[in-house]
Every structure is written in structure tokens, then in C-alpha cells.
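Colleague: this is a predicted model, with the sequence first.
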Amino acid sequence: MSMNRRQFLKIAGMSTVLGLGGVPVINLLKGDKSEASHVFVNEKALTAKRWGMAIDVSKFRTDDDYKKVIHACNSIHNIPDFGNSKDQIKWIWTDTYEHTFPTQPNEFIEESVKEKPFVLLCNHCENPPCVRVCPTKATFKRKDGIVMMDQHRCIGCRFCMAACPFGARSFNYKDPRLGLKPEDENTQYPTRTIGVVEKCTFCAERLSKGLIPACVEASQQIAKDAGTEAAMYFGDLDDPSSDVRKVLAGRYSIRRKPELGTGPSVFYIIGGDKNA
Amino acid sequence: MKIYDGGKIIVGLIVFVGLFTFPFVYNIGKANVMPEPKINTPAINELTEKKCVESKQFMRAEHMQLLNQWRDWAVRKGERVYVNSEGKPYTISLQNTCMHCHSNKKEFCDQCHNYMAVNPYCWNCHIAPKEKES
């Protein structure tokens, strides 16, 4: 059979149209049960445009207060303890003023600020360098500003650890279960495995249930018991009426290494009273 | 026809065939034990309607794909409520939903996984329910 160019183009055009229309039709006819299912965000979940935190270390009165806050996180997230700093897994930890703010050298700063340990955690940066370097997108930025870890995808290359200017990431050199007593395990939350990087997730799993991060909850509980003001505040930085914005509006605060342009979402309140 | 070193070759062939077929011959007449995943756990016994998140056939064939989807929805999208084909909602969580009912990993998960010689690494991180050593 011979055909001229006009006939060929007609047939080609018709088959393209049929082919394009065919995929949805076939999918409709298939009627796979699993495709009828769908997923939601929990109704109770806390949501925000950009989660952030404000920490006022002057409100930590004793070493015990620090321990309680750190323990609240460690116990919930199955953080192992190997008893040495090389294998240490850090989600929330403390360090000195000089180490926390190395580019703010001021030897005449108020003693109470200079001597206090600072509570450190992942800054959940606006422009996170760890996310930029991750070759597998195991670490990524969620729509609500949380820099999240997907442990399933982490290949343990540690680029993110090199990229993070805040030392907020820890590598599992050992099987974390070796550093965790079986009776201390929180069976509601997974551990990690050897060879992956981990860090604070702003308690993404608690936010999805409508709970605030464990460290903030612990700090508010301490304040309630002692009848003082809380040391840690959490909320939506995009919402002027949120807890964190109200605190930041009334007090002077600084961030860690802002000159690097990563845009940390954790603020440190320095000096001044509530309405100073 | 003459085979050089014929005796050695033939003996060698017999030994080879013998060794090669030994596993088959050895197992003749022995029925392989079929895996029998048990669903006899306190949580499942309490259910009025013994149903998993999807149909038994679907779960048997597709649970690994479903788990992968659950993983991506929960971790990457933050969507943690799964509504199944019957419209019933479930919390997306291996440890808190799947293993809450199937608290007998050794008698349920491991049965087929061992039979098929697959070794999924879910439980390297996700904590399996505490079970008595059997």
C-alpha cells in the first residue's frame, strides 16, 4: 500500500491523540484498590510558615534545668550515650559563650552572660548549607521551615556535617543501640543505624500530633514548677502574634554566625527584662 | 573410539554429577515447611473485625510498596494519616501502627522473610516489639 504525505500525517496525528488519551482511560479502567486510598496531614497537627525558637539562657537557674531539658529530648529520641565525645550524638547540647558566638568577641560582656552555658540545637536555617550539599536529598527543607532528615536515604557521606557551620550534625560511628539500654528505649520512636547522620528535627513527629518540641515543653514545665518565666519559646516566625515573635519583639536577641547568611531560626535573648 | 584418560574422566564425571545432584536427592520426599505467619496477638484478638489496613491479598503482595509509600508520605511530606480503600483512617507508622497489632515479629514478619531469604533492614532502626526468646 502506498500513501502520500497527507495520509501519513493524518494517521500519525490520530494515533498521537489516541495514545495521549489512552493513559488516563486505562488507569480508570484498572480500578486498583490502593489508588482509591489517600493521605492527609493530621487535623491536630501544629502548622506554620516558618518554625522558630527563642532561648533565654538567663532563665536557666541551675545545672539541673539544663539536664532536664536535654534529657527530655534524649529520652524521647533514643539518643545513645557512649560516654566519649567522638561518638557523641548531639540533638541538643550546651557550649560556652565564646564557642557559641565566636565572631562576637567582647571581653567586657556581662558576667552572667559570659559564664552561662548556651543551649544549642539545629538552627533550621532559612538557607541551609547542609541541604545544598546533600547528594541524595536525605536532608531537605520542609514547607514549614524545618530542616528534616530522611534516615532512609542517608548514605553517610557526611558532606552535611562539613557544611553545617554550627556542628549540629552527628554521625553514627557505632550502632546506636549499643549505647542505649533496652529499658531506656522509647518504643514509639525509632533509633538510627550505624553509618547515618542525625540531628534535631524540631520534633517534627510531635508537631504532627499537636505537641510542641520536647525541650520547650520541659523548659515550660520547669518554669511552671518554679513559678518563673520559661527559658525557651517556640512558634511561627511568620506570625506576629506567636509566642516566639512576642518574646523577640520585647527583648534584644542575637543569632549564631549570622554573617554566614544561613538565616538561623533559633534566637538567643541577651539581657534585658521582659519589657526592656 | 578411544578416550585419553577415559577412566579418570568418567570417574570425575560421576563424582561431579553425584555432588551436583546431592542436594536434590537428599531432599527428595521431604516437604518444605510452608511459612505460616501467625496473627494470634492480643491487639489483633481484640479487634471485632480482623482486618489490616488493606485487604489480605493486597498486603501479602504489596506491603513493601505500601511501606515505602508510607515512609515517603510521613517523612518527606509530613502527611501521617492514611485513609484506606474503605475510607478508614490509620496513623502512618511502622512502629506504632503495624507493629502495634503485629507484635509477634518472629511469628509473623520473620516467617515469610526467612522462607524467602530476604533480610529487610526495617528493624535496624525501627524498634521491634519485645518478644520472649523462643
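Modeller: Done, it's in.
Colleague: what about the strands in chain B?
Modeller: B:81-83, B:89-91 (DSSP state E).
Colleague: and those strands: which comes nearest chain A?
Modeller: Nearest to chain A, of all those, is strand B:81-83, at 4.3 Å by C-beta to the nearest C-beta. For every residue, glycine as well, the C-beta is placed using N, CA and C.
Colleague: hang on, the earlier thing: so which of the strands of chain B is the most surrounded?
Modeller: strand B:81-83 (a mean of 19; mean count of other C-beta atoms under 10 Å in any protein chain shown).
Colleague: wait, A:Gly261 sits on A:Glu126?
Modeller: No: when contacts are counted by C-beta atoms under 8 Å, A:Gly261 is not listed as touching A:Glu126 (9.1 Å).
Colleague: circling back to that earlier point, a markdown table please, covering the strands of chain B and showing distance to B:Leu19 and mean pLDDT.
Modeller: What follows is the strands of chain B, written out as a markdown table (distance: least, C-beta to C-beta, whole Å; pLDDT from 0 to 100):
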| stretch | distance to B:Leu19 | mean pLDDT |
| --- | --- | --- |
| strand B:81-83 | 52 | 93 |
| strand B:89-91 | 52 | 92 |
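Colleague: as TSV, those with distance to chain A would be great.
Modeller: Listed next are the strands of chain B as TSV, based on distance: least, C-beta to the nearest C-beta, whole Å:
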stretch	distance to chain A
strand B:81-83	4
strand B:89-91	8
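Colleague: I'd like these as a markdown table, with distance to A:Tyr233 appended.
Modeller: Listed next are the strands of chain B as a markdown table, based on distance: least, C-beta to C-beta, whole Å:
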| stretch | distance to A:Tyr233 |
| --- | --- |
| strand B:81-83 | 29 |
| strand B:89-91 | 29 |
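Colleague: compare those strands and give me the one nearest A:Gln88.
Modeller: Across the strands of chain B, A:Gln88 has its closest neighbour in strand B:89-91 (32.2 Å, C-beta to C-beta).
Colleague: need the residues that contact that closest one.
Modeller: For strand B:89-91, the external contacting residues (C-beta atoms under 8 Å, 6 or more residues apart in numbering or on different chains) are A:40, A:42, B:53, B:80-84, B:97.
Colleague: find the nearest non-adjacent residue to the residue nearest the centre of chain B, please.
Modeller: Using C-alpha atoms, centre = their mean, the residue of chain B that lies closest to the mean C-alpha position is B:His113, 2.6 Å off. Leaving aside its chain neighbours, B:His113 sits nearest to B:Pro120 (6.5 Å; criterion: C-beta to C-beta, 6 or more residues apart in numbering or on different chains).
Colleague: just the pLDDT at the one you found, thanks.
Modeller: With respect to pLDDT, B:Pro120 scores 94.
Colleague: what about it, neighbour count?
Modeller: Around B:Pro120 there are 10 other residues, counting by other C-beta atoms under 10 Å in any protein chain shown.
Colleague: now the closest residue to B:Asn114 other than its chain neighbours: how far from chain A?
Modeller: Excluding its sequence neighbours, the residue lying closest to B:Asn114 (C-beta to C-beta, 6+ apart) is B:Pro35, at 7.5 Å. Distance, B:Pro35 to chain A, using C-beta to the nearest C-beta, to the nearest Å: 24 Å.
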